[in-house]
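Enquirer: Provided below for reference: sequence and predicted model.
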Amino acid sequence: MSDFNSERIFRERIDWSDTFDHVRMPRLYIQGIEVTQAVQYYRAAQHLTDPADRAPDNAVTLIAGKPAWVRVYVRSGFFFGDTPGVTGTLEVSSRVMGFLYLPGTTLSPQPPGTVTARRSPAYAVERGTLGYTLNFIIPAAQMCGHLRLTARIQSPGGETDDHVIYIDATLRQTLRLRGIFVGYNGPASSAAGAPNLTIAAPTLANLQTTSAWTLLTFPVRSFATYGNAGTITWNRPLTDAPSCPGCCTPNWVALNAAVQAQRVADGNRTDVLYYGLMGPGIPMGPVIGCNSGGVSTGTTGDGVTMAHELGHASGRPHAPCGTPGDPTYPAYEPYDPAGTPTASTGEYGLDISTGFIFSPATFKDFMSYCGPRWISLHNYGRLTNNASLDPTHQCEDSFWWRDYILYDRLLIPEKWLPDPPPDLIRINPIMERETVVSIIGVMRSENEVEIQSVMRLEAVPVVENGVKTGMMAELIGSKGKVLASAPVYRLRTHAMSHCGCDEDSGGEENYPYLFQAFIPNAGEGEGLRIHSGEKVFWHRPAPDEKGSLGDFRARLREDLLVVEWQFRSSSEVEPEFWLQWSNDEGKTWNALATSMQGEKAEVNISGLPSGDIAIRLLASDGFSTTVSEHVHIDVPSREPVVSIMHPREGQTFMAGQSMRLLGMVSDVTGEEIEVKEVRWQLDRREASTNLDDFVAAPPAGDHTLKLMVAGDDDKAEVSVHFKTISAPDEEAPMEPSPKAAK
């Protein structure tokens, strides 16, 4: 037996516990390996004082198709001094046939490529300082399947060690985001006589770049799928006061009603997350984002607010800091007071785009009102196997006995999350559209109902994250016969603001709130009503004559679709007009524009695909809906939509550190396209040919990064500017220790 093996066996036999970890005879060894994509467990007993908060190393589920940082913790033996200049490699091997690992890919360490092996560093200093570990990055393409990671280290003096762990990266989740783009044409403030302000609606590229922080923090793969659900133009400043602590303001609720109407016009799909994206500069505050059930709205470039609102849309309540919040959120002692959660992240986080480390002593969960923000163990787990993120499995390697005998239950979220556990497998099905009467309104007070929209169309009759109110919406026939009915759902509001607010209690005494009902379209009927028992909140009789739609015309004028129509109605209700488009011969209709008035409109077509497109108009008299004949337009082809997700415009890096290059490419509707060529240029020098890659940040100074892509027929490019600064001579801890925080 070799001296190395003898030494290794002796070392393993005397490694009784973390308490005596320093009692090691080898001069150089690997203490452990941490694999993280946002937040991860590593030697939890060394810092989490409550055993209920702990879990084994790498227990947080890893996601397929997303890069992972591998931190290798190296040690110098107890009887030896620090050993500088330690380097190494990481071999990544995939499992086949349930037990066989083929020769894998060998990765080199990230800059600076070496580390000092220390005898007994303080836990918080080592964990919170990237330079205290030897670091590797597994590319997104390799993070798929049952993987064996073999770390091998070597000192300048020739001492070596190796360490093997096994990870499961078979769960793939995808952010499926469909944007509703909000422009503005209204007063610059709520003050009397305020000048008018016009702000263009954002673009699909804005949606992509704003989602970059969500892609970092959510347990999803690197590449999202995007969609364009059309545009609306808002006309009221969002500077009014919230109606209750933690609630949205009345104007925000009204805006979400318009966004909800656009979602319904788009078919109210259940396989995507809708997000209302506003152009920068729309007057607002103190509320800067608002979620009403499955409807969320925020500003271009505000990625943290988007992640917060999409968290609500995925069923997550506020985290308890500045608001009572989620009653299942645990206290992570010592970072939280005993038994009193304050939204600590619970474990150390890591930004895979930069390597920056987030200490639980400082950072708070992004679903709270406290900061600075990252994602916690709790909400990372609640978003794992979450139906809103389309959980599927890929690269699975099962063998007839392997998964029954050696299956590691510790990798299942229910083993490391507090009660109640999430469903392990949840599927978000694509539901069929039905012909319904959509009613959208605002409950202003206990007795005041304001109806925003009544439209008959095909849509999925599901109110996501809605709360039944006890009211019923009904379609009434002759002699008061109920032809069809449906429950009225409250779309509970959550506000993202700069203040510390209380959580919306969910009680219906908090007004105003947005509501939605989908009544089966069981005939024309003679009336619509909303009631609770004997109390009727709203009733609308059918008009004497159904509205009639005259000639509908549509033509292209550069990037605008100019539509004109004539509509006659005997109803006293202001008519409502929606535009839809289809490129599959009318089988599926998508939203283009809603909340139109008059008999003419100009609509941006940036989200329409090229080719022959059918356009139709839906005209509602407040009771019935008349649909126009299809009008066909020929939309010219346009270049792909290309976005640089990382680095961000104006971002600052340390020279020489690892820097992620991540680009997103789609057609104008958000659909993925085949890319023939990808080229990154950093200061006019070739940097990479992959959409998701890592490079060393250039020397200190100002820099320009350009992404160029080419498809079958089109080319496109985009660029950002960033800055690098010189790294300090000696790396210092990035975050305070738990004792200092306490």
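Expert: Nice, thanks for sending it over. Here the structure is a predicted model, which means the values were calculated and not measured. Residues are numbered from 1 along each chain as shown.

Enquirer: neighbouring contacts of stretch 715-722?
Expert: 205, 639-644, 647-653, 665, 702-709 (C-beta atoms under 8 Å, 6 or more residues apart in numbering). C-betas here are computed from N, CA, C, even on glycine.

Enquirer: Which among these count as buried?
Expert: Listed as buried from the contacts of stretch 715-722 are 205, 640-644, 647-648, 653, 665, 703, 705-709; burial here means 16 or more other C-beta atoms under 10 Å.

Enquirer: Okay, and which of the contacts of stretch 715-722 map to helices?
Expert: Mapping the contacts of stretch 715-722 onto helices (DSSP state H) picks out Ala205.

Enquirer: who are the neighbours in contact with the nearest residue to Ser658 once chain neighbours are set aside?
Expert: With C-beta to C-beta, 6 or more residues apart in numbering as the criterion, Ser658 has its nearest non-adjacent residue at 4.6 Å, and that residue is Gln110. Listed by C-beta under 8 Å, 6+ apart, the contact set of Gln110 reads Asn135, Phe136, Ile137, Gly355, Ser658, Phe694.

Enquirer: hang on, the third one in a helix?
Expert: By that I understand Ile137. No: Ile137 is assigned strand when assessed by DSSP: H, G, I helix; E, B strand; the rest coil, not a helix.

Enquirer: Let's verify the spatially most central residue of the chain: helix, strand, or coil?
Expert: Centroid check for the chain by C-alpha atoms, centre = their mean gives Thr214 as the closest residue, at 3.8 Å. At Thr214 the chain is in helix, as set by three-state DSSP.

Enquirer: which stretches of the stretch 151-300 of the chain have low pLDDT?
Expert: Residues of the stretch 151-300 of the chain meeting the criterion pLDDT under 70: 244-246, 293-294.

Enquirer: Could I get the full set of strands for it?
Expert: For the stretch 151-300 of the chain, the strands defined by DSSP state E, counting those that start in this stretch cover 160-169, 171-172, 176-187, 196-199, 225-234, 273-278, 287-292, 295-299.

Enquirer: Against Thr116, how distant is Thr89?
Expert: Distance from Thr89 to Thr116, counting by C-beta to C-beta, to the nearest Å: 18 Å.

Enquirer: Counting by contacts, list what the longest strand anywhere in the chain packs against.
Expert: Longest strand in the chain, counting residues (DSSP state E): strand 83-96. When contacts are defined as 3 or more C-beta pairs under 8 Å, 6 or more residues apart in numbering; DSSP states H and E, strand 83-96 sits against strand 68-76, strand 100-101, strand 105-107, strand 115-117, strand 134-138, strand 145-154.

Enquirer: mean pLDDT for the ones you listed: which is lowest?
Expert: Note on the helices and strands packed on strand 83-96: lowest mean pLDDT is at strand 100-101, with a mean of 90.

Enquirer: Measure how far that one is from the centre of its chain, please.
Expert: 35 Å (C-alpha atoms, centre = their mean, to the nearest Å).

Enquirer: about what we covered before: look up phi and psi at the residue nearest to Ser658.
Expert: With angles defined as degrees, to the nearest 10, Gln110 sits at phi -70, psi 160.

Enquirer: Domain map for the chain?
Expert: Under the assignment automatic domain parsing, the domains of the chain span 3-36+65-169, 176-335+371-388, 548-635, 641-725.

Enquirer: tally of neighbours for Gly550?
Expert: Neighbour count of Gly550, defined by other C-beta atoms under 10 Å: 12.

Enquirer: ditto for the one 4 residues further on
Expert: Residue crowding around Ala554 was assessed by other C-beta under 10 Å; the count is 23.

Enquirer: do the same with Gln394
Expert: Neighbourhood size, Gln394 [other C-beta under 10 Å]: 13.

Enquirer: And for Ala484?
Expert: Neighbourhood size, Ala484 [other C-beta under 10 Å]: 17.

Enquirer: Strands along the stretch 301-450 of the chain, start to end?
Expert: Secondary structure of the stretch 301-450 of the chain (DSSP E, counting those that start in this stretch): strands at 349-350, 357-358, 364-365, 373-374, 392-393, 434-443, 449-459.

Enquirer: Adjacent strands (with direction) for the last one?
Expert: Strand 449-459 has the following strand partners under DSSP bridges: strand 434-443 (antiparallel).

Enquirer: what comes up buried for the strand it pairs with?
Expert: Buried, per 16+ other C-beta under 10 Å, within strand 434-443: Val436, Val437, Ser438, Ile439, Ile440, Gly441, Val442, Met443.

Enquirer: Closest to Val182 out of those residues?
Expert: Ile440 (16.3 Å; C-beta to C-beta).

Enquirer: what is the closest one paired to in the beta sheet?
Expert: Beta-bridge pairing for Ile440 (DSSP bridges): Ser453, Gln516.

Enquirer: okay, it: pLDDT?
Expert: As predicted, Ile440 sits at a pLDDT of 96.

Enquirer: For it, list the residues it contacts.
Expert: Ala257, Gln260, Ala261, Val264, Ile451, Gln452, Ser453, Val454, Leu514, Phe515, Gln516.

Enquirer: Ramachandran angles for the residue nearest to Val627 when sequence neighbours are not counted?
Expert: Nearest residue to Val627, sequence neighbours excluded (C-beta to C-beta, 6+ apart): Leu618, at 5.6 Å. The phi/psi pair for Leu618 (degrees, to the nearest 10) reads phi -110, psi 120.

Enquirer: same thing with Ser595?
Expert: The phi/psi pair for Ser595 (degrees, to the nearest 10) is phi 60, psi 30.

Enquirer: isn't it right next to Ile232, touching?
Expert: Yes: taking contacts as C-beta atoms under 8 Å, Ser595 lies within contact range of Ile232: 5.7 Å.

Enquirer: any shared contact partners between the two?
Expert: Residues touching both Ser595 and Ile232 (C-beta under 8 Å, 6+ apart): Ala258, Gln262.

Enquirer: More neighbours: these two, which one.
Expert: Of the pair Ser595 and Ile232, Ile232 is the one with more neighbours under other C-beta under 10 Å, namely 24 against 19.

Enquirer: for that one, what are its contacts?
Expert: Shown in contact with Ile232 (C-beta under 8 Å, 6+ apart): Ile180, Phe181, Val182, Gly183, Ala201, Ala258, Val259, Gln262, Ala593, Thr594, Ser595.

Enquirer: swap in Phe623?
Expert: By C-beta under 8 Å, 6+ apart, the contact set of Phe623 is Val454, Leu528, Arg540, Pro541, Ala542, Pro543, Ser571, Val573.

Enquirer: helix or strand for the third one, which one?
Expert: In the assignment (DSSP states H and E), Arg540 maps to strand 535-541.

Enquirer: what's that strand in contact with?
Expert: Outside strand 535-541, the residues within contact range by C-beta under 8 Å, 6+ apart are 441, 447, 449, 451, 454, 471, 526-531, 573, 622-623.

Enquirer: Any idea how many residues pack against the closest residue to Ser108 other than its chain neighbours?
Expert: In this structure, Ser108 finds its nearest non-sequential neighbour in Thr89, 6.5 Å apart by C-beta to C-beta, 6+ apart. For Thr89, the neighbour count with other C-beta under 10 Å is 17.

Enquirer: ok, now Glu534?
Expert: Other residues close to Glu534 by other C-beta under 10 Å number 5.

Enquirer: cool, and Ser292?
Expert: The local packing of Ser292 (other C-beta under 10 Å) involves 32 other residues.

Enquirer: what's across from it in the sheet?
Expert: Ser292 has these beta-bridge partners by DSSP bridges: Val295, Thr493.

Enquirer: Report the contact partners of it.
Expert: Contact analysis of Ser292 by C-beta under 8 Å, 6+ apart lists Cys248, Val253, Asn256, Gln260, Leu491, Arg492, Thr493, Tyr513, Leu514.

Enquirer: Got phi/psi on the residue lying closest to Ser388 once chain neighbours are set aside?
Expert: Among residues not flanking Ser388 along the chain, Ser314 sits closest, at 4.2 Å (C-beta to C-beta, 6+ apart). Dihedral pair for Ser314: phi -90, psi 10, per degrees, to the nearest 10.
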